[in-house]
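J.: I would like the atomic coordinates for the input below:
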Amino acid sequence: MAALDLQEQEQVDALKHWWKDNGKKLTAALTVALLVFAGFKGWQYYQNKQSADASRLYGEVLKQLASGDAKRVSDAAAAVAEKYGSTAYASRAQLLAAQVNETVGSDLARAQSQLEWIVAHAGEESLQSVARLHLGALLLDQKNYAAALEQANAKHAASFDGLFADLKGDILNAQGKTAEAKAAYKLAFDKTDANNMYRNLIQIKLDALGGA
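T.: Sure thing, here's the model as predicted:
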């Protein structure tokens, strides 16, 4: 029994010695881990609150959208971007505002700025892709072919391949580059689902250039 007590005492002494050498490091590591966990939980709460607050402000964008007032829609969208730019609501609000400015408000400069904001800040590749398509078409209308091609050639979600190739065809066709435009339209046709009605429009463009 005494031998066992001695063995236990040696284990206790060894543990004390180990704790003396490593205890502070272990305590520091545990503290950091707890702080990281607490920080993560805090960040989750912050993100959820941000999203909820952004959602309410996004509702104001939709409200103004119903009014048909382009300036009010843009101002509401700008408020979402300014306060909650990291949320998905900000890019969606800017996209809605850009569409209103392109159609109702005829403020193409502001629409371009809103689309460029989405390209720079959107966390979703699909939203960036939609914005690039709108931006490319807008630049094409302004005959800014180089900038429009930059958007058409930019990285985008694979599901948008057909639309980006079609935009590129429109730009090249506007520049009088018939052979290159036909190649782009052919790619757009091949990348577009056979059941998609948009494919018929691409075929019309190809036929207008002499077919493929």
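
J.: every contact and neighbour count from this point should use C-alpha atoms.
T.: OK.

J.: domain ranges for this structure, per the record?
T.: For the chain, the structural domains run 28-123, 125-212, going by automatic domain parsing.

J.: and the ones you listed as JSON lines, adding mean neighbour count and mean pLDDT?
T.: Output for these, formatted as JSON lines (neighbours: other CA atoms under 10 Å; pLDDT from 0 to 100):
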{"stretch": "domain 28-123", "mean neighbour count": "18", "mean pLDDT": "77"}
{"stretch": "domain 125-212", "mean neighbour count": "18", "mean pLDDT": "92"}
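
J.: three-state assignment of residue 196?
T.: The three-state label given to residue 196 by DSSP: H, G, I helix; E, B strand; the rest coil is coil.

J.: how far away is it from residue 57?
T.: Residue 196 sits 35 Å away from residue 57, going by CA to CA, to the nearest Å.

J.: same thing with residue 185?
T.: Residue 185 is 41 Å from residue 57, by CA to CA.

J.: what's the answer for residue 124, then?
T.: For residue 124 relative to residue 57 (CA to CA), the value is 20 Å.

J.: residue 102 versus residue 141, what's the distance?
T.: Distance from residue 141 to residue 102, by CA to CA: 11 Å.

J.: same check on residue 189?
T.: According to CA to CA, residue 189 and residue 102 sit 27 Å apart.

J.: now the helices for this protein?
T.: Per DSSP state H, the chain carries helices over the ranges 2-67, 70-84, 88-100, 108-121, 125-141, 145-152, 161-174, 178-191, 198-208.

J.: centre of the chain versus the third one, how much separation?
T.: So the one you mean is helix 88-100. With CA atoms, centre = their mean, to the nearest Å as the basis, helix 88-100 stands 12 Å off its chain's centre.

J.: now swap in the fourth one and tell me
T.: Distance of helix 108-121 from its chain centroid, counting by CA atoms, centre = their mean, is 13 Å.

J.: what is that helix packed up against?
T.: helix 88-100, helix 125-141 (3 or more CA pairs under 8 Å, 6 or more residues apart in numbering; DSSP states H and E).

J.: again, only using 6 Å
T.: Packing contacts for helix 108-121, counted by 3 or more CA pairs under 6 Å, 6 or more residues apart in numbering; DSSP states H and E, involve helix 88-100.

J.: can you check what angle separates the helix it packs on from helix 125-141?
T.: Helix 88-100 runs at 20 degrees relative to helix 125-141, counting by axes from the mean of the first three to the mean of the last three CA atoms, to 10 degrees.
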